[in-house]
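Visitor: got a predicted structure plus its sequence, pasted below:
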Amino acid sequence: MKRIIIISIILLLSLSCKNKIKLIPEITHVLNDKKLCKLKNNNETFKLLKSDSNLILLNSNGEIFKFNIDKNIFDDLYKINTKIDSKTFNQNNKIIFNQSGTNIYMIFDLNEYKMIKTIKNIKIDNFIGINKEYIIFLREKELIFYNFKKNKIKKRFNINREIFYNMKYKNNKILFLSNKKFYIFNEKNNDLKIIKLKNIASSGFLLEGDYIYYGSEKRELIKFKYKKNKIKWKLKLSKILTVEPKKIGKYIIVTPEDNNIYFFNKNGNLYWWEKFDSIKLKPAVIMKQNVCIFLMPVYSPNLIFYDFKNKKTITYTINHIIKSNPIYLNNFIYILVENEKDKEKSILKIGNKYSVDIKITPEFLKPLGKSIKFDLQPINLIEPGLEINILNKSKNNVFEKLIKKREALSFIWIPDKAGNYDMIVKVNSKNQNKFEVEQNFNVVDLDKILKKYLFKLQKECKLDLINNAINKE
């Protein structure tokens, strides 16, 4: 009986192994970058933003564009028809535009793709946050809660030398942090709870359940239970933390001013850390399986991908000037870049390379009437199926082959005519939609070339003989 049970378990394990789906890591050692589109007017100021599932581009002329993933272009989304200034603010899928040189503000909803409100004659020094109904902002020495749906200031609060950081929204409550206090605003009863901090904050905060994580001016990382006004733990850092902590998996990530990245668990224990090779250029980008950091210089910066599960890093260099914060979307990093020579701006897409490498043997001279071998090597593709076509100079199809999934990825072709050929490989795999790879090669008639060479050689030899005879006479 025991023997039957053991055999059954082995069979089940073998079946589960066979059915296990192969996955390509989010970031591999084979990466590339691709310019998606060039931006028309280099004199405009552009901002790159993200909604829940789309990449959004806006310019200083008040034009909003949405990225079309299938076509790799930006589609016109909305035109405000007025110039906007740098007070543009983006949070919770809403953008607040300030009409240049005025106290007129417009709120655009990225979920509904429409302008939902225009606010006039309100002076705003600095935005703290926006949610479904409220804009929270600073004006001189006041903190103001403005209900934009009702065009009404719901609450104002005098502040004294406070530096305000970020805002989060949870269960109809607005949570935000200054260097001195933690604020909890209850929308339902218009109540504002203020918690005075024991340690002056030096960064924004990460919200995780009933806790917040933030840096203090005493070089600490603090875990604070705001409902009970109680510090859970605090860790001493080598340098002050000025950017808000991030979270990936079950780890809290901090990048203090000591040029290191640290991964802590929720108990405050250090899981992993790495030192940067140069100064951090942009805030950390949290991906599914990696943390991406842009390091100096501005031109040709290094991207370091930190695989926290395997405690490994992958470095990639891009040869462009960075002009925006990076954005993570669908396993790729998007960033606005500028060409150093002509100042042309474009959107760069960075991530895994998905392609097929084509190796043609012989590498250099490919003789007419002789075998040419084609070896196809998939890059980051799962069970690719390939449709191969070889076209002559007139674009006529002279050879075709279909390689099904799991079949040998090589074949031999014997050309019957010399000339220039295009090899087009149509690829379809489990993890990538249909795309094409193209490679050009040339077939030569060696006999014809040799005959021409011999004829030329004979002709030159005859001329030499005649010249020598003339010279002797």
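Guide: Everything's here; your move. Numbering: from 1, shown residues only.

Visitor: what about Gly357, neighbour count?
Guide: Rather than Gly, residue 357 is Asp. For Asp357, the neighbour count with other C-beta atoms under 10 Å is 13. (Each C-beta comes from the backbone N, C-alpha and C, glycine too.)

Visitor: so the closest residue to it other than its chain neighbours is in which element?
Guide: Leaving aside its sequence neighbours, Asp357 sits nearest to Gln377 (C-beta to C-beta, 6 or more residues apart in numbering; 4.2 Å). According to DSSP states H and E, Gln377 maps onto strand 372-379.

Visitor: re earlier: list the contacts of the residue nearest to Asp357.
Guide: Contacts for Gln377 (C-beta atoms under 8 Å, 6 or more residues apart in numbering) come out as Val356, Asp357, Ile358, Lys359, Leu409.

Visitor: so the first one versus Glu400, what's the distance?
Guide: Pointing back at Val356 there. As for Val356, its distance to Glu400 is 16 Å (criterion: C-beta to C-beta, to the nearest Å).

Visitor: again, but for Asn147
Guide: Here the criterion is C-beta to C-beta. By it, Asn147 lies 66 Å from Glu400.

Visitor: among those two, which residue is more densely surrounded?
Guide: When Asn147 is set against Glu400 and neighbours are counted by other C-beta under 10 Å, the residue ahead is Asn147, at 15 against 11.

Visitor: for that one, give its distance to Lys417.
Guide: Relative to Lys417, Asn147 is positioned 77 Å away (C-beta to C-beta).

Visitor: what does Asp445 give?
Guide: According to C-beta to C-beta, Asp445 and Lys417 sit 9 Å apart.

Visitor: who's more crowded, the two?
Guide: Each of Asp445 and Lys417 has its neighbours counted (other C-beta under 10 Å); Asp445 has more, 16 against 12.

Visitor: wait, isn't the more buried one in contact with Ala418?
Guide: Yes. Using C-beta atoms under 8 Å as the test, Asp445 is close enough to Ala418 to be in contact (4.2 Å).

Visitor: name the residues contacting each of these two.
Guide: Common contact partners of Asp445 and Ala418 (C-beta under 8 Å, 6+ apart): Leu368.

Visitor: Phe399 sits in which helix or strand?
Guide: strand 397-403.

Visitor: can you list contacts of the next helix-or-strand element following that strand?
Guide: As assigned by DSSP H and E, the chain's next helix or strand after strand 397-403 is strand 410-413. Applying C-beta under 8 Å, 6+ apart, the contact partners of strand 410-413 are Ser371, Ile372, Lys373, Phe374, Asp375, Leu376, Ile388, Ile390, Phe399, Lys401, Ile403.

Visitor: and for the last one, nearest residue in space, chain neighbours not counted?
Guide: Spelled out, that is Ile403. Closest to Ile403 by C-beta to C-beta, 6+ apart is Leu386, at 4.3 Å.

Visitor: can you get me a residue count around the closest residue to Asn93 other than its chain neighbours?
Guide: Of all residues not flanking Asn93 in the chain, Leu110 sits nearest, at 4.3 Å (C-beta to C-beta, 6+ apart). Counted with other C-beta under 10 Å, the neighbours of Leu110 add up to 21.

Visitor: try Pro326
Guide: Residues lying near Pro326 (other C-beta under 10 Å) number 21.

Visitor: got it, and Asp33?
Guide: 19.

Visitor: swap in Leu57?
Guide: The number of residues packed near Leu57 is 21, by other C-beta under 10 Å.

Visitor: quick check, it in a strand?
Guide: Yes. Leu57 sits within a strand when classified using DSSP: H, G, I helix; E, B strand; the rest coil.

Visitor: partner residues bridging it?
Guide: Leu48, Phe65 (DSSP bridges).

Visitor: pretty sure it is touching Phe67, no?
Guide: Yes. Shown here, Leu57 and Phe67 form a contact pair, counting by C-beta under 8 Å, at 7.1 Å.

Visitor: mutual contacts of the two, please.
Guide: With C-beta under 8 Å, 6+ apart, Leu57 and Phe67 have common neighbours Phe74, Ile347.

Visitor: okay, and the common contacts of Asp445 and Lys417?
Guide: Both Asp445 and Lys417 are contacted by Leu368, under the criterion C-beta under 8 Å, 6+ apart.
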